[in-house]
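> missing the sequence, but the structure's below:
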């Protein structure tokens, strides 16, 4: 497991609306791999055992867009509105 | 509504270069960037190559925000507690005209975009272009004539240069490139660790202003192909780790977990010890060798950089700059003729076809497939090289003949899937190790 929260040093300005949507959140229940949970490098997708659905913590998103390629039929990713989201500063 | 000669989507290396050359030739240009400043959404290892950049800004090293001039390049075949190190140190690369520099994109991209602005381009930041605008036609859609922004605002132009990077949503909507598939992209994470310059210089055997790049295969991504890299910045290290997306999915591995265990490797942790985390990013890259099915232009539109899959091995940002320049030259010619139809913009493709990198990209197409068939090639190579090296360097009471025999049997007992050294080199190069 992760020994640290890599996101602690990342500046993210949430835009107030999710830029990641599930086309049909009910379909995740029967998804065998649930690969989004494992794949996302910032842990945006978390399985809610009680509700039996994926929680989408889009405000953690690093905007790589890998989720949509890994799950093209159910995950819709677009860039957040201009000026919002992740900002790398050095 | 403002009308421009050219609207450029994306202020990365391709977009800023295109905007710079078009504005320098007197075109009215607007450069759109979705981040709050150019570079704020970007990451790479990474290095900026001197020769291509000098084509854009001669003697750029006098002014560009670069980190270190790379004089040491290494490839480590990393195993659990050993590494076979292949490396080169060339001090000639510490002097003009240099070879390559480490850089941080948030600094570098901002500088390059400022060059475009100084040449006369307008820069609009915090702006996402969501749709292309098309001319009305009785049947079907006409030429591209601008973009629609986030807030619904429209910008019209004679030509749109799409330099929107790997996601390439407008390029895809325009039908100029295929949807990305998991086996055609790599996913990368990068952490930046701050470390005093003297420590970096001591640990990587550098003098002031000199830099090193280490690529590591084998251990970092377990039994699957993949790559880790350490790049020395001025007073920080960039640590990268990435794998083909489809292998990440098949093996159910998590990049942040791999990154954490990579940083704990006994030979790695001594290089990065004491480094304070100051940044973490994730990014997709297209894997080289797939540009064959890409369209680079259509009526009123050209595509440059990673949106057009212009990646060859490790190289991408420099190819993007060269392509941006060619797109700009084409736009300037089109402006002189008053014709931005595909008949005229075809010149862009002609110019691209003549470049070394499009030829490299095409010839690399086969090796990506080869590497995919033998996904554990560099794990096997790495463990074998380390076993042989342990055997070779270990001091024992045996005759030279006995030692040679042992090493030969070790070699013969491994079933390497590598057809030839040439194949392996092609594969490594393609995955950006070399």
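In hand now; what should we look at? Note that the structure is predicted; figures quoted are calculated from it, not measured. Residues are numbered from 1 along each chain as shown, chains lettered A, B, ... in the order given.

> tell me the contacts of whichever residue of the stretch 101-250 of chain B sits closest to chain A?
Using C-beta to the nearest C-beta, residue B:126 is the residue of the stretch 101-250 of chain B that sits closest to chain A, at 3.0 Å. The way it works is simple: take the backbone N, C-alpha and C, and place the C-beta from them, glycine included. By C-beta atoms under 8 Å, 6 or more residues apart in numbering or on different chains, the contact set of residue B:126 is A:82, A:83, B:33, B:34, B:35, B:36.

> my guess is residue B:382 contacts residue B:77. True?
Yes - Residue B:382 is within contact range of residue B:77, at 4.0 Å (criterion: C-beta atoms under 8 Å).

> what touches both of these two?
B:84, B:217, B:218.

> let's verify residue B:211: helix, strand, or coil?
Assigned with DSSP: H, G, I helix; E, B strand; the rest coil, residue B:211 falls in the strand class.

> state the pLDDT value of it.
Here the pLDDT value assigned to residue B:211 is 98.

> please apply the same query to residue B:424.
The model's pLDDT for residue B:424 equals 61.

> which of the shared contacts of residue B:382 and residue B:77 fall within helices?
Secondary structure from DSSP state H places none of these in helices.

> among those residues, which one has the most neighbours?
Counting neighbours by other C-beta atoms under 10 Å in any protein chain shown, residue B:218 leads these with 28 neighbours.

> show the contacting residues for that one.
B:76, B:77, B:78, B:79, B:378, B:379, B:381, B:382, B:383, B:386.

> tell me the secondary structure for residue B:208?
Secondary structure for residue B:208, judged by three-state DSSP, is coil.

> can you tell me the closest non-neighbouring residue to it?
Leaving out its chain neighbours, the residue that sits closest to residue B:208 by C-beta to C-beta, 6 or more residues apart in numbering or on different chains is residue B:201, at 6.8 Å.

> same check, this time on residue B:88
With C-beta to C-beta, 6+ apart as the criterion, residue B:88 has its nearest non-adjacent residue at 5.2 Å, and that residue is residue B:73.

> got it, and residue B:60?
Once flanking residues are discounted, residue B:60 sits nearest to residue B:53: 5.2 Å by C-beta to C-beta, 6+ apart.

> name the helix or strand for the one you found, please.
Per DSSP states H and E, residue B:53 falls inside helix B:50-56.

> list the helices and strands that helix packs on?
helix B:13-24, helix B:317-337 (3 or more C-beta pairs under 8 Å, 6 or more residues apart in numbering or on different chains; DSSP states H and E).

> from chain A, how far out is the residue most central in space within chain B?
Closest residue to the average C-alpha location of chain B: residue B:316 at 3.9 Å, with C-alpha atoms, centre = their mean. From residue B:316 over to chain A the distance is 15 Å, taken as C-beta to the nearest C-beta, to the nearest Å.

> OK, contacts around that residue?
B:44, B:285, B:305, B:306, B:310.

> can you list the residues of chain A near chain B?
A:1-4, A:6-10, A:33, A:35, A:38-39, A:41-43, A:62-66, A:69-70, A:72, A:78-83, A:85-90 (C-beta under 8 Å from any C-beta of the partner chain).

> flag the shaky bits of the stretch 151-300 of chain B, pLDDT-wise.
By pLDDT under 70, the weakly predicted segments of the stretch 151-300 of chain B are B:288-292.
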